[in-house]
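A.B. asks: Everything below, folded, please.
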Amino acid sequence: MLNALHSTPDLGPSCRELLTLILPHIHPRDLRNREALPFPMTLPAPLEEEESSDDDDGDPAPKRRKTTAETIPFVSTGLYFTREARMGEDIPCPRLSHIPILMSAAACVFFFKEGHENLLNSVFRLGSGVEPNPNRISNKTRTTTQWYDQGQGLAADTFSLQEMGFDLPPPAQDGGSDNEEFQPLDESLGLDQDAGLDSSLTATWRQGLLDVTSKCCNQLSFTKCSYCILTVDERLLVNMTTYQNLNLSTYFFDCRYCLRRTAPKLWDIAFDNMFPPKGKAVSKDRQGYPNTEYMGMYMQLREGSDEFVAAMRTALKAKFDQLEWFPFLQAGKMWKSDSKVDARFVRCAGNLKTGPAPYVLIRTNVVPTW
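C.D. replies: The predicted structure follows:
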């Protein structure tokens with residue numbers, strides 16, 4: 001509605017109806033300036049005759065709306081606020097009141113994609129909006145939280161490529177606007193050039209586990225809890241042991257899993273999507289990945305020589321193969337979660353029997369517990 005006020009109004013009937021509802025009205029005889037009309041409309045004589053007599057430029061007149069109401073909408077000052085703007089901690093947030101919807105059924109469907117009854121059921125709840133589920137943690141952030149050691153660092157998740165003669169690749173210098181390769185969203189993302197190769201690769205691996213957990217998909221409605229039952233603080237403490245625990249009920253509200261023998265190649269596909277091979281184009285449009293810190297760190301490491309990248313991915317794959325399960329990471333987005341039936345995946349004995357659920361890969365053929 002605010003956009004309809006400060007932008008050029010749509011000339012469609014639904015937008016005209018919306019403007020008619022929210023703008024102040026006057027009697028047609030009191031209108032002195034046709035520019036105050038929010039959209040072209042037919043007015044009672046004599047104003048209509050006087051205005052039309054000035055139109056001598058030969059251009060066809062715009063399609064006008066016949067007005068039979070006693071009053072018409074108008075905008076006298078260019079921008080109109082329905083109420084005085086009040087801000088502050090003690091000022092309550094305005095809520096939609098439970099009043100009859102004056103908009104027609106067609107206009108209601110045009111703007112809200114549903115009719116009056118469904119709109120009332122989904123928006124109005126005793127005069128206030130629907131509150132989100134307290135056990136729902138948002139996964140939509142500009143960038144993920146940086147990993148820092150709170151005791152979750154393990155000796156098993158460290159790397160030692162420097163003893164093989166490799167060193168940290170220099171930072172990329174190409175900052176041209178025509179470079180469509182993946183770039184971090186924030187300048188703070190990236191490697192610490194003074195940390196050394198082993199520390200940088202260890203940080204990338206740890207950050208990757210944290211970021212994947214942070215991007216765990218949620219159920220569609222914000223009134224429903226997250227699929228991942230870990231709290232915000234617990235998510236910050238994830239490490240390799242988190243993904244070595246085959247009791248999936250300690251992580252999920254519900255999920256689907258696939259054993260290795262059912263689809264052997266999926267485990268390697270998930271790894272390649274998490275750590276793309278050198279030379280593989282990585283689009284900025286990948287859902288979730290551009291908002292992670294680890295991907296920016298990994299892409300800097302991937303700028304090294306072919307020999308170094310091959311050794312790095314071999315070391316990363318060795319760590320990845322020590323995990324017992326991992327989400328089925330996609331190329332276009334991180335987590336896969338939909339309601340389509342995939343015979344390769346088995347529904348856990350969780351809280352949902354049907355509908356969407358996260359897709360999980362089991363590295364071996366051991367059936368997970370719940």
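A.B. asks: The nearest residue to G151 once chain neighbours are set aside: which element?
C.D. replies: Setting aside the residues directly before and after it, G151 is nearest to L237 in space (Cβ to Cβ, 6 or more residues apart in numbering), at 7.7 Å. In short, each C-beta sits where N, CA and C put it, glycine included. Using DSSP states H and E, L237 sits in no helix or strand.
A.B. asks: how deep is L237 tucked in, by neighbour count?
C.D. replies: Other residues lying near L237 total 15 when counted by other Cβ atoms under 10 Å.
A.B. asks: ok, now which ones touch the closest residue to Q150 other than its chain neighbours?
C.D. replies: Counting by Cβ to Cβ, 6+ apart, L237 is the residue found nearest to Q150 once chain neighbours are left out, at 6.1 Å. The contact partners of L237, by Cβ atoms under 8 Å, 6 or more residues apart in numbering, come to 150-152.
A.B. asks: Recalculate using a threshold of 10 Å.
C.D. replies: For L237, the contacting residues are 150-152, 210, 213, 230-231, by Cβ atoms under 10 Å, 6 or more residues apart in numbering.
A.B. asks: shaky segments in the chain?
C.D. replies: Low-confidence segments of the chain, defined by pLDDT under 70: 1-10, 44-69, 77-85, 93-102, 121-130, 172-190.
A.B. asks: where exactly do the helices run in it?
C.D. replies: In the chain, the helices defined using DSSP state H lie at 2-6, 13-22, 47-53, 105-112, 116-123, 197-214, 232-235, 266-274, 293-301, 306-320.
A.B. asks: residue ranges for the strands of the stretch 1-150 of the chain, please.
C.D. replies: 25-26, 41-42, 65-66, 72-73 (DSSP state E, counting those that start in this stretch).
A.B. asks: for this protein, which strand is longest?
C.D. replies: Across the chain, the longest stretch assigned as strand under DSSP state E is strand 357-362.
A.B. asks: could you give the angle of it to helix 266-274?
C.D. replies: Counting by axes from the mean of the first three to the mean of the last three Cα atoms, to 10 degrees, strand 357-362 lies at 110 degrees to helix 266-274.
A.B. asks: Only the buried residues of strand 357-362, if you could.
C.D. replies: 357-362 (16 or more other Cβ atoms under 10 Å).
A.B. asks: which strands and helices sit next to it?
C.D. replies: strand 256-258, helix 266-274, strand 325-327, strand 337-338, strand 346-347 (3 or more Cβ pairs under 10 Å, 6 or more residues apart in numbering; DSSP states H and E).
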